[in-house]
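Trainee: take this sequence and fold it.
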Amino acid sequence: MLGKDARINHSKWSLVLAALLVVLMAVACDSKQQAGQRRSVPEVAVVTVQAQSIMESTELPGRTSAFRVAEIRPQVNGLIQKRLYQEGSNVKAGQGLYQIDPAPFQAALDNAQAALGRAQANLPSLRSKAERYKSLLAEKAVSQQDYDDAAAALAQTEADIKYYKASVQTARINLGYTKVTAPISGRIGRSNVTVGAIVTAYQANALATIQQMDPIYVDVPQSTTELLRLKRSLSQGRLSQNSKTQNQVKLILEDGTPYPHDGTLQFRDVTVDPTTGSVILRMVFPNPEGILLPEMFVRAVVNEGVNSKALLVPQQAVARTPKGDPYVMVVDKENKVVLRMLSIDRSIKDKWLVAGGLASGDRVIVEGLQKVRPGAKVKAVPFKEEAAPPANAAQSKAGSK
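Mentor: Have a look, this model is predicted:
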C-alpha cells in the first residue's frame, strides 16, 4: 500500500497530465477551426471593368439591288431581223442589241427627201417671179392680185420646204430606231423575243433588261425603335459621330464571309413603312468582281458612333433571374460578394455592352459563381482572358435589355 505522501503526489501528477491534455486538445481544435476557416474562403476569378472607347455598330439584314435598271423596248413597229448580243453578257452603252427591219423606214426617208427636193427645186423660180412682179407692180404693169398670188406661192413653197425638212428628220430618226441600242452599260439578261417576232413601239413587254451592278445598292430596313434609340444616345452624349468613319459600311455575305470592299451610307429614307415599322437605309458598294448580284441576301454592319466610356463584361459573367433580368456578382473593397442588377445594351463579340449597373473599376466575378453568394467573403484572382480582337473592331448586334 502507498503512503499518504505517495497518494498526494500521484494525484498532483494526474491533475497536471489532465490539464496538459485539455490544453493540447484546445490547441488542436483551434488549429482545425482556423484551417477550416481558411479552406472555407472560396477563390474566384474576376475581371476589372475599365471604361474604353469603341465604335458601336449595328448589324442589319438587307438585300442588294442593281444600281441602274433599263428595260429595253422598241420605239418603232417592225419585224425583228437579228439579235446582236449574247444573253447574259456585259454590254456597253450604245451597243446594238436588236435590228428591226429598216426597209419601210428607209423608204419613208427616201420619200421625204424626194418631196423636199421637189419643193427646193421650185423655190428659185417662185422667188424670181415674186421679185419681178413686185417691180412691175410699182410701174402698174401687173395687177395687185397677180403680185399677191406670186408672193403667196413663194411663201407656201418656203413653208413646204420646212415641213419636208422636218419629215426627213423624223424619217431619219425612225430609221435609226430600227437598231435598238443599250441605253446604259451593264449585264443583259435573257431575250424575251426571238428573230422574226413582230414588235410595236413602246410595248408593255420588254425585249430584255440591262442591270448595272458596279457599283451596286444595298437596301436595309431599320426599325424606328432602333432609330429613336440612336437619336437618344446622340442627344444624351453617350455616342459621338465622326464624319470620316460614320458613313463607312461593311458587308457580310450570305455564307458568313466578309465582303472585301467597304461601302458608303447614302441616306436614310424619311418614310416609315406602315407594315413593318421601319425605314430604308440605302448603301452603295463597289462590285468590280461581280460577287454581289441583285436581290442577294446580305448583312450590313452600320457604324452608329463612338462610345468613349463603354463598359464591357464577358458574357459568361452575366446570369439572369427567374424573370430574365441580367445581373453580375461583384467583389467589393472588403472582398465580399455583392449582387448588381444590370442594364444591357447589346452584345459585342463575346462580351456584353453594359448601359447601367456597373462603374469603372468594379471587379466582376467571371469564374466561381457557383461557389459564392451575396455577402460571402472571397479571394479574388485575375481572370485570364483568351486573346480576342479589340473591342472597337468588333461587330455589334442588338442585345437584350
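
Trainee: quick one: buried residues of stretch 97-104?
Mentor: Buried residues in stretch 97-104, counted by 16 or more other Cβ atoms under 10 Å: 97, 98, 99, 100, 101, 102, 104. Every C-beta, even on glycine, is put in place using the N, C-alpha and C of the backbone.

Trainee: so what's the second one closest to, chain neighbours aside?
Mentor: So that's residue 98. What sits nearest to residue 98 in space, not counting adjacent residues and going by Cβ to Cβ, 6 or more residues apart in numbering, is residue 180, at 4.1 Å.

Trainee: so residue 119 sits in a strand?
Mentor: No. Using DSSP: H, G, I helix; E, B strand; the rest coil, the assignment for residue 119 is helix, not a strand.

Trainee: need the contact list for it.
Mentor: By Cβ atoms under 8 Å, 6 or more residues apart in numbering, residue 119 lies in contact with 157, 160, 161, 164.

Trainee: what about the closest residue to it other than its chain neighbours, which SS state?
Mentor: Take residue 119 and drop its neighbours on the chain: the residue closest to it by Cβ to Cβ, 6+ apart is residue 160, 4.3 Å away. Under three-state DSSP, residue 160 falls in the helix class.

Trainee: residue 160: neighbour count?
Mentor: 17 (other Cβ atoms under 10 Å).

Trainee: got it, and the one 3 residues further on?
Mentor: Residue 163: 14 surrounding residues under other Cβ under 10 Å.

Trainee: beta-bridge partners for residue 268, please?
Mentor: Per DSSP bridges, the residues bridged to residue 268 are residue 281.

Trainee: before we move on, what about residue 179?
Mentor: residue 99.

Trainee: quick one: it from residue 258, how far?
Mentor: Going from residue 179 to residue 258 by Cβ to Cβ, to the nearest Å gives 44 Å.

Trainee: when those two are compared, which one has more neighbours?
Mentor: residue 179 (14 against 11).

Trainee: returning to that earlier point: so how far is residue 124 from the residue nearest to residue 119?
Mentor: For residue 160 relative to residue 124 (Cβ to Cβ), the value is 14 Å.

Trainee: so where's this structure shaky on pLDDT?
Mentor: Scanning the chain for pLDDT under 70 picks out 1-39, 233-234, 236-246, 385-401.

Trainee: geometric centre of it: which residue is closest?
Mentor: residue 300 (4.0 Å; Cα atoms, centre = their mean).

Trainee: show me what the particular helix or strand that has it in it packs onto, helices and strands only.
Mentor: Assigned by DSSP states H and E, residue 300 falls within strand 297-314. Counting contacts by 3 or more Cβ pairs under 8 Å, 6 or more residues apart in numbering; DSSP states H and E, strand 297-314 is packed against strand 52-72, strand 208-223, helix 224-235, helix 243-246, strand 248-252, strand 278-285, strand 351-356, strand 363-367.

Trainee: any idea which of those is most buried?
Mentor: Highest mean neighbour count among these (mean count of other Cβ atoms under 10 Å): strand 363-367, with a mean of 21.
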